[in-house]
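Enquirer: please find the sequence and the predicted model below.
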Amino acid sequence: MNATSIPATHSDKAHLRGFALASVMVALMLSLFLEALDQAIVGTAMPRIIASLHGLGEYTWVVTAYVLASLTMIPVVGKLSDQFGRKWFVLIGTGIFLLGSLLAGASQTIDQLIIFRALQGVGAGMGMALVGTIIGDLFEPATRAKWMSLFGIVYGVSSLTGPTIGGWLAEHGPLLGSLVTDATRWRWVFYINLPLGLIALIALLIFLPTNVSVRSSSLKGWAALRQVDFLGAILSAAASICLLLGLSLGSAQGTGWTSPQVLGLLTSGVILFALFFVVERRVAEPILPLNLFRNSVFTVSSLLALLQMMLVLGFTLYMPLFLQGVLAVSPTISGLVMTPLSLSMVASATLAGPLIGAFKRYRFIAIAGAALMVAGTFFVALMTPQTSLLQAVLFMIVVGLGTGVFFIVPTLAAQNALPASQMGVSTAATRYLGQMGATLGIAIVGTVVNSSGSFAQHLPTNESGKELLATALQHGFVAVLIFAVIALIATFFLKDVPFGANSPDDAVVEESDEVVEKELVEV
């Protein structure tokens, strides 16, 4: 067999239309919804889970295992899908996620739950890496922008409804003989994935073509396996786990950064990433081709994905603390006050796609979004105990309108600037950096807040305590403001690559958008 890698051509791609296209789109949205929902749904059910399985000391690992596993899979699967195609990876990922859901729901100990949550995370990471990539395969860039906005809506709906669904299922989920009793209704938090996930799995199996993407290699068998960057995949996963754990443990308390455990993890992460980059320069098919960073659009898009999630998580984690600890509102009211932030992000993501499709430019929309982020976080950083709830809501809406844009722009810009044979790796890189940015944002803002004062283990009840907490949180919001300012500066370096007819990948939609939308509604 010839060992030379010959990329597939655009004419090799399958063309989807009508009911098949609608079925694939619904399946992709459903798959992404379940995977995104699973990050939000478990939190409110955890008290019931701990009461049933015990293991309070391992409380956070139920969430951490899922995040770690999903993060490590994203860059690996993105690259492999470029080499070997997307279909079987997304099917295997969905199958692993459903198997993990089944086993997590049947867990008898907290250790079992942690292991099966990690298995869920492996499947979810594969889906997160590929759903946006398959959208890039299915639609030419101008049309792709509109369809990408649907997935911003999916993330918004999952973040809005996840906590409520998780709490309701843990308290009111249906009984099922001896399998699901009153004390184990929480099992439905995981079992709910099974019927919906199976629908998505069957639809993708039937309607998603195996040649939906342009492959970077036509090698098969042993020759193809020899091209897989196994060492790079192992180093990438190990480095990500060390860095993520180090950041999480270090930000947990004010003095955590100086502990040998945290320093060891962070140092190991840096060394492993250095080794990873050395390996990537030498292998034939690197997990992360370093020449991607020669493309300024990809580089800026990756930076924007990182900064956006640093801002979103740093902001959403500490805003409820300000509302409850400084403005003295109840947890219920705090949740209601935070809702406009999520709604404004969804609205912004929904509008960004069609606007980009209409103007066939994304730079100005990115600049406008970043400017709104700066304006909103600036006013948030000025909030005091005298700030009214109405003012807080207005400031959050401005922040949400700005951040929502960046659920669309980084992925879309990166896909548009690179050839179709690198669609998977470019999309996965932006997703990976976004997930890493979430942890980095929490770590930085948490460190700033914790180092700004000494706090009791409960919310302040007097004015001096509220002032002290407000000052510390203001410092944290200033860090968030810095993230927004850097993002604004970066958008001025984001070059517009026109959405022409000869885009990096061929258009595969042969029917009008109106027909496709009608099919989606019918499905």
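Expert: Received, thanks. Numbering: from 1, shown residues only.
Enquirer: distance check, Ala170 against Thr133.
Expert: Shown here: Ala170 relative to Thr133, a distance of 34 Å by Cβ to Cβ, to the nearest Å. All C-beta atoms are positioned from the backbone trio N, CA, C, and that covers glycine.
Enquirer: er, Arg48 actually
Expert: Note on Arg48: its distance to Thr133, by Cβ to Cβ, is 36 Å.
Enquirer: just to revisit the earlier point, Ala170 and Thr133: which is more packed in?
Expert: With neighbours defined as other Cβ atoms under 10 Å, Ala170 and Thr133 compare such that Thr133 has more, 28 against 24.
Enquirer: show me what contacts the more buried one?
Expert: When the contact criterion is Cβ atoms under 8 Å, 6 or more residues apart in numbering, the partners of Thr133 are Gly78, Ser81, Arg86, Ser213, Met423, Gly424, Thr427, Ala428.
Enquirer: just Asp182 next, same as before
Expert: Listed by Cβ under 8 Å, 6+ apart, the contact partners of Asp182 are Leu175.
Enquirer: quick check, pLDDT for the most centrally placed residue in the chain.
Expert: To find the centre residue of the chain, average its C-alpha atoms and take the closest one (Cα atoms, centre = their mean): that gives Gln435, at 5.3 Å. Per-residue confidence (pLDDT) for Gln435: 85.
Enquirer: same check on Ala129?
Expert: For Ala129, pLDDT reads 87.
Enquirer: again with the one 10 residues further on
Expert: Per-residue confidence (pLDDT) for Phe139: 84.
Enquirer: same check on Asp505?
Expert: Predicted confidence (pLDDT) at Asp505: the value is 38.
Enquirer: Gly453 now?
Expert: Among the per-residue scores, Gly453 shows a pLDDT of 65.
Enquirer: next one: the one 5 residues further on
Expert: Here the pLDDT value assigned to His458 is 59.
Enquirer: ok, now Leu113?
Expert: The predicted local confidence for Leu113 is 93.
Enquirer: and what of the one 4 residues further on?
Expert: What the model reports for Arg117 is a pLDDT of 93.
Enquirer: same question, Leu263
Expert: 91.
Enquirer: any stretches of the stretch 201-350 of the chain with poor pLDDT?
Expert: The model of the stretch 201-350 of the chain has pLDDT under 70 over residues 216-224, 252-256.
Enquirer: one more time with 50, if that's ok
Expert: Within the stretch 201-350 of the chain, no stretch falls below the threshold (pLDDT under 50).
Enquirer: would you indicate which residues of the one helix or strand Glu467 maps to are buried?
Expert: Element membership for Glu467 (DSSP states H and E) is helix 463-491. With burial defined by 16 or more other Cβ atoms under 10 Å, the residues of helix 463-491 counted as buried are 465-466, 468-470, 472-488, 490-491.
Enquirer: by contact count, what packs against that helix?
Expert: Other elements packing on helix 463-491 under the criterion 3 or more Cβ pairs under 8 Å, 6 or more residues apart in numbering; DSSP states H and E are helix 296-325, helix 363-381, helix 423-450.
Enquirer: surely Val279 touches Ile234?
Expert: No. With contact taken as Cβ atoms under 8 Å, Val279 and Ile234 are classed as non-touching, separated by 9.5 Å.
Enquirer: identify the contacts common to the two.
Expert: Counting by Cβ under 8 Å, 6+ apart, Val279 and Ile234 have no shared contacts at all.
Enquirer: ok so, going back, which of the contacts of Thr133 has the most neighbours?
Expert: Gly424 (33 neighbours).
Enquirer: and it, what pLDDT?
Expert: As predicted, Gly424 sits at a pLDDT of 87.
Enquirer: for Phe190, see how far away it is.
Expert: Where Phe190 is concerned, Gly424 sits at a distance of 29 Å (Cβ to Cβ).
Enquirer: and what of Gln227?
Expert: Here the distance between Gln227 and Phe190 works out to 37 Å (Cβ to Cβ).
Enquirer: of those two, give the one with the bigger neighbour count.
Expert: Taking Gln227 and Phe190 together and counting by other Cβ under 10 Å, Phe190 has the greater number of neighbours (27 against 17).
Enquirer: nearest residue to that one other than its sequence neighbours?
Expert: Gly105 (3.6 Å; Cβ to Cβ, 6 or more residues apart in numbering).
Enquirer: residues near that neighbour, how many?
Expert: Gly105: 21 surrounding residues under other Cβ under 10 Å.
Enquirer: and what of Val448?
Expert: Burial measure for Val448: 22 neighbouring residues, criterion other Cβ under 10 Å.
Enquirer: show me what contacts it?
Expert: Going by Cβ under 8 Å, 6+ apart, Val448 touches His475, Gly476, Val478, Ala479.
Enquirer: and if you look at Asp38?
Expert: With contacts defined as Cβ under 8 Å, 6+ apart, Asp38 is in contact with Tyr66, Ser101, Gln120, Ala124, Asn193.
Enquirer: secondary structure and pLDDT added to these, as a markdown table?
Expert: Formatted as a markdown table, the entries for the contacts of Asp38 read as follows, by DSSP: H, G, I helix; E, B strand; the rest coil; pLDDT from 0 to 100:
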| residue | secondary structure | pLDDT |
| --- | --- | --- |
| Tyr66 | helix | 88 |
| Ser101 | helix | 94 |
| Gln120 | helix | 94 |
| Ala124 | helix | 91 |
| Asn193 | helix | 92 |
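Enquirer: for those residues, which one is nearest Asn295?
Expert: Among the contacts of Asp38, Ala124 lies closest to Asn295 (Cβ to Cβ), at 28.3 Å.
Enquirer: now the lengthiest helix in the chain: buried residues?
Expert: Within the chain, and with DSSP state H defining each element, the longest helix by residue count is helix 18-53. By neighbour count, and taking 16+ other Cβ under 10 Å as the criterion, the buried residues in helix 18-53 are 20-42, 44-46, 48-50, 52-53.
Enquirer: got it, and stretch 283-303?
Expert: Buried positions in stretch 283-303, judged by neighbour count with 16+ other Cβ under 10 Å: 285-289, 292, 295, 297-303.
Enquirer: for that stretch, measure first residue to last.
Expert: Using Cα to Cα, to the nearest Å, the end-to-end distance of stretch 283-303 comes out at 25 Å.
Enquirer: if we can go back for a sec, report the contact partners of the residue nearest to Phe190.
Expert: Residues in contact with Gly105 (Cβ under 8 Å, 6+ apart) are Arg187, Trp188, Val189, Phe190, Tyr191.
Enquirer: which members of these are classed as buried?
Expert: Neighbour-count burial (16+ other Cβ under 10 Å) is assigned, among the contacts of Gly105, to Arg187, Trp188, Val189, Phe190, Tyr191.
Enquirer: dump the buried residues of stretch 283-303 into JSON lines; add distance to Ile165 as well.
Expert: What follows is the buried residues of stretch 283-303, written out as JSON lines (distance: Cβ to Cβ, whole Å):
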{"residue": "Glu285", "distance to Ile165": "41"}
{"residue": "Pro286", "distance to Ile165": "40"}
{"residue": "Ile287", "distance to Ile165": "35"}
{"residue": "Leu288", "distance to Ile165": "36"}
{"residue": "Pro289", "distance to Ile165": "40"}
{"residue": "Leu292", "distance to Ile165": "38"}
{"residue": "Asn295", "distance to Ile165": "40"}
{"residue": "Val297", "distance to Ile165": "38"}
{"residue": "Phe298", "distance to Ile165": "36"}
{"residue": "Thr299", "distance to Ile165": "38"}
{"residue": "Val300", "distance to Ile165": "36"}
{"residue": "Ser301", "distance to Ile165": "32"}
{"residue": "Ser302", "distance to Ile165": "32"}
{"residue": "Leu303", "distance to Ile165": "34"}
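Enquirer: Ile408: which of those is nearest?
Expert: Minimum separation from Ile408 among the buried residues of stretch 283-303 (Cβ to Cβ) is found for Ser301, which lies at 11.0 Å.
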